[in-house]
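Colleague: what follows is a predicted protein model with its sequence.
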Amino acid sequence: MININNVVYPLACLSFSIIISAGIYEHLAIWPRLLSTPPTSLSMFQGESGLNALVFWPKIHPLALLILITTLAISWKSKRRKNVLVVLIGYLLIIGITFIYFIPELIQSVSTEYATAIDESLKIRGDFWEKLSLLRIAIAIGLAILLFLGLTKPTLKAE
């Protein structure tokens, strides 16, 4: 008989890894270009043909949260509970900080009107935003490692 925990827990690991992978992709492919020569470079997010991250992020976060909460419920009486609980709390904190700082700062930056001259203050703000975002990804990677380590723990009742 299949243990549901051995199906749902890896899905939680996968969904959390997808989020981290997307964040890493953005830091390699998008943010360096976006922050290179603001406000000119911000045009990649502007207009009808601009990059639309809202296609991905608002859909994946609720799905990952639902899977993590389901995993926590299924793992509640196992030794995996602590791993999932710490990751869920850490992830909720990351999402909260993202809504409080990262999203508003990004919206404010990309809504800056197009100009050909580089705005140094905007570049400094963007560089700071990127450094904090890299820290956010590093923390998420640490949480992912903790989540994956939970796979090594038994699904039986915790002592």
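Modeller: Ah, there it is.
Colleague: report the longest helix in this structure, please.
Modeller: Once the chain is assigned using DSSP state H, the helix that runs over the most residues is helix 120-149.
Colleague: which strands or helices does that one pack on?
Modeller: With contacts defined as 3 or more Cβ pairs under 8 Å, 6 or more residues apart in numbering; DSSP states H and E, the secondary structure elements packing on helix 120-149 are helix 5-25, helix 31-34, helix 81-97, helix 103-110. C-beta here means a position set from N, CA and C on the backbone, and glycine is covered the same way.
Colleague: indicate which one of those helices is closest to Thr152.
Modeller: Using Cβ to Cβ as the measure, helix 81-97 is the one of the helices and strands packed on helix 120-149 that comes nearest Thr152, at 9.4 Å.
Colleague: what is the mean pLDDT for that closest one?
Modeller: Taken as a whole, helix 81-97 has an average pLDDT of 98.
Colleague: just stretch 12-22 next, same as before
Modeller: Confidence over stretch 12-22 (mean pLDDT, whole number) is 98.
Colleague: what's in contact with it?
Modeller: Taking contacts as Cβ atoms under 8 Å, 6 or more residues apart in numbering, the residues outside stretch 12-22 that touch it are 56-57, 60-61, 63-64, 67-68, 70-71, 84, 87, 91, 137, 140-141, 143-144, 147-148, 151.
Colleague: mind giving me the ChimeraX command for buried ones among these?
Modeller: Here is the ChimeraX command that picks out the buried ones among the contacts of stretch 12-22, judged by 16 or more other Cβ atoms under 10 Å:
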select :61,64,67,68,70,71,84,87,91,137,140,143,144,147,148
